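**Q** Curious how this folds, go ahead:
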Amino acid sequence: LPIEVIAFAEPLVRKKVEALGASVCLRQSSGGPMVTDEGHHILDCSFGRIPDPPSLARKLSDMPGIVEHGLFIGMANLVLIAKGNDVTELKSRQ
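**A** Numbers count the residues shown, from 1 in each chain. Predicted coordinates for the structure are as follows:
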């Protein structure tokens with residue numbers, strides 16, 4: 001799960017996200033941390049299976065230092081996954 005963080009807040013955010021049960025890795029580019037167009041860093045976080053995505057999304061959204069995260073709850077009802085020439089559609093159950 002990618003999490004965009006304000007660069008100076010990265011150490012604190014890392015600790016808080018690890019406390020939620022994630023394994024956290026700072027995304028790297030050549031010569032150091034990858035920096036977004038806005039000057040932020042990206043934390044790549046592995047939570048394993050997330051039993052309650054909306055709850056985790058709220059916790060992350062409310063955490064100071066986090067700009068955005070990759071849990072797009074309620075934002076899409078269709079996901080397209082492409083691999084080579086194969087495309088898989090995942091539709092919402094709603």
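
**Q** What is the subsequent helix or strand relative to the least confident helix or strand in the chain by mean pLDDT?
**A** Lowest on mean pLDDT, DSSP states H and E among the helices and strands of the chain sits strand 78-83, with a mean of 91. Remark: after strand 78-83, the chain's next helix or strand is strand 86-91, criterion DSSP states H and E.

**Q** That next one pairs with which strands, and in what direction?
**A** When pairing is defined by DSSP bridges, strand 86-91 lines up against strand 78-83 (antiparallel).

**Q** now what about the strand it pairs with, what contacts it?
**A** Contacts to strand 78-83, defined as Cβ atoms under 8 Å, 6 or more residues apart in numbering, come from residues 87-92. C-beta here means a position set from N, CA and C on the backbone, and glycine is covered the same way.

**Q** Pick the one among those closest to residue 2.
**A** residue 90 (18.7 Å; Cβ to Cβ).

**Q** Specify the beta-bridge partners of that closest one.
**A** Counting by DSSP bridges, residue 90 forms beta bridges with residue 79.

**Q** Strands of the protein, start to end?
**A** Taking DSSP state E to define them, one finds strands in the chain at 2-5, 23-26, 28-29, 32-33, 41-46, 66-69, 78-83, 86-91.
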